[in-house]
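In: turn this into a model:
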Amino acid sequence: MISISKDKNSMKLLEIEKSSLQSMLDIQKNLNKQILRFLKNFLGDLKVELDFESENNAFQYINEATDILGKSNTNIEKLNLLLEKLDKVITGIHDEYVDYKISHYNTTFTQEIDIIYQNTNLIEEFIHKISVLDLSELLQEINKDPVISSTETEEDDLEIHPELLNSSFVENTLVISEMQGKVILPYKIQEINSILFNNNDKYSSIEDVIEKLYTRPMKDYRFSAIARFKEAYKLVTEKEHKSKMQALSLASELFTNLSLHPAIITACKSLDELDIYLACLEDNSLDEFPFFEVKYEIAPKLQKQENPF
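Out: Numbers count the residues shown, from 1 in each chain. The predicted structure follows:
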């Protein structure tokens, strides 16, 4: 907060205020990097193939980290806002509206500073917690009691039979195959032919191109929450070439979206495609999604034979 008059010391006081805010912002950015580093390293080192219960400590740490990351981002936004308003005071120190600008800055400062301090206390407590955390023990706990969970999305009308997969190429379709243990990403035959023609030293056939470039093992998606996080992060950073902060924001948001199969994120070529899919999912209108179809190859259920006697 500032309290100045239009004298020769006013600019010096404003610069001190700005320096103080900038120091606070630098501290918040440093805290933010520590949270991002924890999320990136932890999720990057997490090599599991089975879902685990939400009571698991790893799940709780990830949830808490994403919540704390949100508070950190909020602090950074609020401090940037205060710096922006303070710059308006500094550049207009000699105009007739300076008193109004100072009053507006002080009101905003009073409203935001308590929230910043409260968030900072929670952020520092969490960073202290993860600083003494033994990640190796946490990873051992994840793998100690694996729990196999059923597929989170149930769309019986989108099942595809194995005979169809084996008899022809399923173009422009995301195939999630339990029976084959793999995910086949959407493609167009024209694209496959082009790749094959230009790289005939690498690929021997259409099937070879599909297998090497458009196929992922199902185990990559078995731990759905982590897979959603990772695939969303890749979509933002590798396909959209946007910042890591934006990537973490989307990844955190999709982490708990149980109705979204992580392979769908992989199949989307852009954030626009993913946004449209999520909108269709929310409106229960997936048949209107224009970019690719989603088909599930479900393993047949064994039927119990009745005893004739």
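In: rest of the way, CA atoms for contacts and neighbours
Out: Will do.
In: continuing past the helix or strand where N63 lies, what's the next helix or strand?
Out: Using DSSP states H and E, the element containing N63 is helix 57-91. Sequence order places helix 98-131 as the next helix or strand after helix 57-91, per DSSP H and E.
In: quick one: buried residues of that following helix?
Out: Residues of helix 98-131 classed as buried: 98-99, 101-102, 105-106, 108-109, 112-113, 116, 119-120, 123, 126-127 (neighbour count, 16 or more other CA atoms under 10 Å).
In: any low-confidence regions in the stretch 101-250 of the chain?
Out: Counting by pLDDT under 70, the ranges of the stretch 101-250 of the chain that qualify are 134-169.
In: how far off centre is stretch 209-222?
Out: How far stretch 209-222 lies from its chain's middle: 21 Å, per CA atoms, centre = their mean, to the nearest Å.
In: ok so, going back, buried residues, the helix holding N63. List them.
Out: Neighbour-count burial for helix 57-91, counted by 16+ other CA under 10 Å, picks out 58-59, 61-63, 65-66, 68-72, 74-76, 78-79, 81-83, 85-87, 89-90.
In: for this protein, just list every one of the strands.
Out: For the chain, strands defined by DSSP state E occupy the ranges 173-177, 182-184, 215-217, 293-297.
In: which residue comes closest to the residue positioned nearest the centre of the chain once chain neighbours are left out?
Out: A centroid search over the chain (CA atoms, centre = their mean) returns A251, at 0.7 Å, as the residue closest to the centre. With sequence-adjacent residues excluded and distances taken as CA to CA, 6 or more residues apart in numbering, A251 is closest to F229, at 4.4 Å.
In: tally of neighbours for that neighbour?
Out: By the measure other CA atoms under 10 Å, the count of residues near F229 is 23.
In: roughly how far apart are it and N200?
Out: 35 Å (CA to CA, to the nearest Å).
In: and if you look at F42?
Out: From F42 across to N200, the span is 40 Å (CA to CA).
In: E15 now?
Out: 65 Å.
In: next one: V209
Out: 10 Å.
In: ok, now which ones touch the nearest residue to L250 once chain neighbours are set aside?
Out: Nearest non-adjacent residue to L250, counting by CA to CA, 6+ apart: A232, 6.5 Å away. By CA atoms under 8 Å, 6 or more residues apart in numbering, the contact list for A232 reads 247, 250-251, 254, 265-266.
In: which one of these is nearest I176?
Out: Comparing the contacts of A232 against I176 with CA to CA places T266 closest, at 11.8 Å.
In: ok, the closest one - contacts?
Out: Going by CA under 8 Å, 6+ apart, T266 touches 185, 231-232, 235.
In: pick out the most distant pair among those residues.
Out: Farthest-apart pair in the contacts of T266 is L185 and A232; separation 15.6 Å (CA to CA).
In: what sits against R37?
Out: R37 touches nothing, counting by CA under 8 Å, 6+ apart.
In: check A227 too.
Out: 220-221, 262.
In: next: T215.
Out: Contacts of T215 by CA under 8 Å, 6+ apart are 182-185.
In: between these, which is nearest M11?
Out: For the contacts of T215, the nearest to M11 is L185 (60.4 Å; CA to CA).
In: doesn't I265 make contact with the closest one?
Out: No - using CA atoms under 8 Å as the test, L185 is too far from I265 to be in contact (10.4 Å).
In: thinking again about what came up before, which helices and strands does the helix holding N63 pack with?
Out: helix 10-45, helix 98-131, helix 135-144 (3 or more CA pairs under 8 Å, 6 or more residues apart in numbering; DSSP states H and E).
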